[in-house]
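Asks: Give me coordinates for this.
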Amino acid sequence: MNIRSLLLSLLAVSLICGLTYYNDAVLGQTFLIGNHMPIAVFGTLILFLYFVNNHLGKVSLKRSELALIVGISLSVCVVPASGLLRTFTTTLIMPQNYKTADPSFAENKIVESAPKQLLVDVTPENRDKVLGQFKQGKQNPETIFSPGKALAEVPWSAWWPTLKWWLPIILSFWICLIGLSLFVHKQWSEHELLPYPLAQFTSSLFPEEGKTVSSVFKDRLFWVSFLLVFGLYANNYLTNVINVYTGSSNWRHIPTQINIEPLLSGIAILEPISRWPFTAPTIFFSVIGFAYFLSDDVALSVGIGPFIYTYITSILAATYGISMGGGNSIASGNTFFTFGAYLGMFMMIVYTGRNYYASILKQSLCVSKAPSDDDNYPILGARLTMLGGLAMWGLLLALGLDWLMAAFYVVGSIILMLVLGRIIAETGLFFVQAYWVPCSIIIGFMGYNAVGPETALMMFILSMVLTLDPREALLPFMVNSLKIFDDNKVKLKKGVSLCIIFIVIGLGVALPVTLAIQYNTQAPMGDWWAVNVAPKGPFEKAIVIKKDLLSKGEVVLEQANSVSGFDRLLELNSQTELITPFCIGLGLFLLFSFLRLRFLKWPFHPVMFLICLQYATMLTAASFLIGWLVKIAVTKFGGVSVYQKLKPLMIGLITAELLAALIPVIIGFIYVMITGDKAVYFRVFPG
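Replies: The predicted structure is shown next:
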């Protein structure tokens with residue numbers, strides 16, 4: 001660690017947090033972050049290593065310096081987009097719009113049921129400025145290029161009272177997750193020897209000691225695959241440009257999507273998968289590359305997971321009358337199936353490392369003597385986890401959430417994020433989502449009477465900000481950052497301390513910038529999901545619960561809103577149509593875990609049940625299968641030596657797709673700065 005690595009980290013953090021929302025919401029290009037392999041970090045890293053660091057000679061950055069910059073940059077990626085700010089500001093203000101615009105909101109006075117601290121205060125006097133300009137933007141959007149004027153348009157006096165509540169909750173949750181990543185790191189990386197594909201890929205790009213560029217950039221196979229894939233995307237980008245500006249259609253796209261519907265139609269056994277996205281898979285070359293580095297069972301299971309689940313659900317529905325799509329507007333059978341699998345993974349994590357975790361917990365509570373300073377980072381992690389978790393729990397109590405529900409909510413959020421981190425470390429599935437939020441699970445298990453609409457509303461609002469779309473979640477980012485630090489001789493305690501500092505700095509940059517863009521353009525209204533789903537969802541679900549209870553009498557509704565503590569357990573009324581899918585998900589995960597431990601040649605990994613319902617997995621499943629088939633063929637006919645020789649070829653696939661996504665983004669920024677207009681639309685990774 002030195003001054004230049006810190007300055008470069010500050011530059012990277014400032015650019016990521018300052019430009020991401022503008023790129024995603026205004027320019028509409030490929031998301032700068034978008035998943036756990038952000039092009040803002042990895043694409044920029046590739047350009048820097050080959051075109052800058054390669055030519056710096058004796059003053060080129062060392063592996064440890066590069067690792068520090070990349071690790072810090074990854075951790076900060078939780079801030080400016082789906083990890084937080086994509087839904088944060090809209091969740092805080094847009095309910096005030098639906099309060100009058102949606103008749104059901106006005107009829108049930110549901111917005112008035114939310115804690116005032118959680119929403120921006122909109123009054124008749126400030127409504128036009130605070131809410132109206134947020135929706136419509138300023139009539140002169142050029143002020144966005146004048147930071148002082150843009151920031152002056154934000155009504156900070158209306159926002160600050162609610163931000164004072166939200167920011168401590170968010171930061172305490174993040175401290176808990178950072179501590180948790182430290183707590184499990186040694187167990188996962190040294191004891192269980194998880195592969196960490198993303199971290200391996202990153203380290204392979206760094207120059208070897210005494211050199212200025214990695215040997216992978218000098219391998220011919222790397223350049224063969226790189227040029228082919230990059231050339232494909234360059235052709236498709238130029239086709240878009242030519243078609244838009246000349247009206248010519250002479251240039252043609254090289255398709256990356258394959259229509260296999262004719263092959264599936266008419267075959268009865270394939271009927272369950274005869275729909276999108278199974279019938280028209282998109283080929284992602286970076287996914288093929290990562291699949292090549294995974295163990296056979298993981299790559300195969302991720303690839304066939306959605307197909308297997310589709311068959312399981314069709315058989316259960318046809319034979320036993322069990323519908324995974326059953327449930328209600330709060331949660332479905334699919335949601336509880338996924339949670340069952342997540343709980344199974346959590347149980348396996350705890351079981352596998354039970355002795356190690358128990359030892360660290362005892363030492364963190366000062367029950368026994370701590371080890372030397374170099375090895376005590378897991379103890380620090382345990383203490384940060386407890387400190388952050390308890391702080392978050394206390395803040396939720398101050399907000400008005402019952403102590404038992406606050407505890408359930410914090411624990412549920414931790415389970416969700418920990419399992420996501422495990423998926424990333426074990427599979428390298430960089431585009432991953434959860435398909436459940438803690439509040440839906442709590443309500444499904446406890447019932448409406450035990451929770452009540454007001455408590456449910458509070459937990460749903462929290463979820464819209466903290467756990468709604470964990471495609472960019474802090475703990476998975478930290479899992480990879482720690483492994484990159486560890487593999488490149490960066491002390492973990494120092495690296496984590498710097499991550500915390502720069503996350504706070506990033507939040508200080510991204511939040512004002514995001515609000516400034518929103519109040520000076522119509523950017524937030526262009527994101528239908530962030531404007532409609534996130535802000536309206538909690539209140540629509542609370543209305544469902546309120547109406548159900550009210551149908552049983554006002555006394556029942558009042559009792560549900562007033563019950564607290566252990567008395568809630570006396571009101572338990574689990575939704576039986578959700579318990580069966582939960583048990584199936586939990587049982588299948590534990591069964592496959594046992595079979596994998598019992599039989600060395602068992603071909604499937606239980607991770608398939610964690611990811612089989614995700615939109616992201618359905619899009620990438622075919623590419624995982626292709627990568628798996630390539631690896632099987634190479635190892636069968638070429639052996640280990642050929643497998644090793646072809647690794648640069650696969651790294652070339654990953655690198656080319658990252659740069660093919662980033663370079664149009666860079667062109668888009670340059671174009672809008674020169675002309676004031678948006679560049680031609682082009683995306684590589686899904687939105």
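Asks: dump the residue contacts of residue 591.
Replies: Taking Cβ atoms under 8 Å, 6 or more residues apart in numbering, we find residue 591 in contact with no residue. From N, CA and C alone the C-beta is placed, and that goes for glycine too.
Asks: Could you say which helix or strand holds it?
Replies: Per DSSP states H and E, residue 591 falls inside helix 576-598.
Asks: in that helix, what's buried?
Replies: 577-578, 580-582, 584-586, 588-590, 592-593, 596 (16 or more other Cβ atoms under 10 Å).
Asks: Hmm, which of those residues is lowest in pLDDT?
Replies: In terms of pLDDT, the lowest of those is residue 577, showing 83.
Asks: Check whether that one really touches residue 334, as I assumed.
Replies: No - with contacts counted by Cβ atoms under 8 Å, residue 577 stays clear of residue 334, the gap being 11.8 Å.
Asks: starting at the chain centroid, how far to the helix holding residue 591?
Replies: Offset of helix 576-598 from its chain centre (Cα atoms, centre = their mean, to the nearest Å): 24 Å.
Asks: average pLDDT for the helix or strand containing residue 160?
Replies: Using DSSP H and E, residue 160 maps to helix 156-186. The pLDDT scores in helix 156-186 average 96.
Asks: now it, how far from the centre of its chain.
Replies: 16 Å.
Asks: That one packs against which elements?
Replies: Helix 156-186 is packed against helix 85-101, helix 354-364, helix 377-399, helix 403-427, helix 453-466, helix 474-487, helix 492-520, with contacts defined by 3 or more Cβ pairs under 8 Å, 6 or more residues apart in numbering; DSSP states H and E.
Asks: orientation of the helix or strand following that helix relative to helix 403-427 in degrees?
Replies: Sequence-wise, the next helix or strand downstream of helix 156-186 (DSSP H and E) is helix 197-205. For helix 197-205 against helix 403-427, the angle by axes from the mean of the first three to the mean of the last three Cα atoms, to 10 degrees is 50 degrees.
Asks: So for helix 197-205, mean pLDDT?
Replies: pLDDT averaged over helix 197-205 gives 93.
Asks: what does stretch 658-668 give?
Replies: Mean pLDDT, stretch 658-668: 94.
Asks: again, but for stretch 283-293
Replies: pLDDT averaged over stretch 283-293 gives 93.
Asks: which parts of the helix holding residue 160 are buried?
Replies: Applying 16+ other Cβ under 10 Å to helix 156-186 flags 158-159, 162-163, 165-166, 169-186 as buried.
Asks: List the neighbours of the helix or strand in which residue 439 is found that are in contact with it.
Replies: Per DSSP H and E: residue 439 is located in helix 438-446. Residues outside helix 438-446 that contact it (Cβ under 8 Å, 6+ apart): 327, 330-331, 335-336, 339, 405, 408-409, 412-413, 416, 451, 456, 459-460, 462-463, 467, 545, 568, 571-575, 578.
Asks: next one: stretch 164-179
Replies: Under Cβ under 8 Å, 6+ apart, the answer for stretch 164-179 is 75, 78, 84, 88, 92, 117-118, 380-389, 391-392, 395-396, 399, 410, 413-414, 417, 462, 465-466, 474-475, 478, 496, 499-500, 503-504, 507.
Asks: Mark which of those are buried, thanks.
Replies: Here, 16+ other Cβ under 10 Å leaves 75, 78, 84, 88, 92, 118, 380-386, 388-389, 391-392, 395-396, 399, 410, 413-414, 417, 462, 465-466, 474-475, 478, 496, 499-500, 503, 507 buried among the contacts of stretch 164-179.
Asks: Tell me the buried residues in stretch 672-687?
Replies: Quick answer for stretch 672-687 (16+ other Cβ under 10 Å): 672, 679, 680, 682, 684, 685, 686.
Asks: so how far is residue 484 from the first one?
Replies: Which is residue 672. To residue 484, residue 672 is 33 Å away according to Cβ to Cβ, to the nearest Å.
Asks: ok, back up a step: would you mind putting the buried residues of stretch 672-687 into a markdown table with distance to residue 319, pLDDT and secondary structure alongside?
Replies: Listed next are the buried residues of stretch 672-687 as a markdown table, based on distance: Cβ to Cβ, whole Å; pLDDT from 0 to 100; DSSP: H, G, I helix; E, B strand; the rest coil:
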| residue | distance to residue 319 | pLDDT | secondary structure |
| --- | --- | --- | --- |
| 672 | 57 | 88 | helix |
| 679 | 53 | 86 | coil |
| 680 | 51 | 87 | coil |
| 682 | 46 | 88 | coil |
| 684 | 42 | 88 | coil |
| 685 | 39 | 86 | coil |
| 686 | 34 | 78 | coil |
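Asks: So, low pLDDT: which residues of the stretch 401-550 of the chain?
Replies: Applying pLDDT under 70 to the stretch 401-550 of the chain flags no residue at all.
Asks: And for the stretch 1-150 of the chain?
Replies: 1, 139-145.
Asks: got the end-to-end distance for stretch 563-573?
Replies: Stretch 563-573 has an end-to-end distance of 14 Å (criterion: Cα to Cα, to the nearest Å).
Asks: Tell me the buried residues in that stretch?
Replies: Buried residues in stretch 563-573 (16+ other Cβ under 10 Å): 563, 568, 571.
Asks: now swap in stretch 464-482 and tell me
Replies: Here stretch 464-482 shows 464-482 as buried, counting by 16+ other Cβ under 10 Å.
Asks: Same question for stretch 548-564.
Replies: Buried-residue list, stretch 548-564, by 16+ other Cβ under 10 Å: 548, 549, 556, 557, 559, 560, 561, 563.
Asks: In helices, which of these fall?
Replies: Using DSSP state H, the members of the buried residues of stretch 548-564 that fall in helices are 548, 549, 556, 557, 559, 560, 561.
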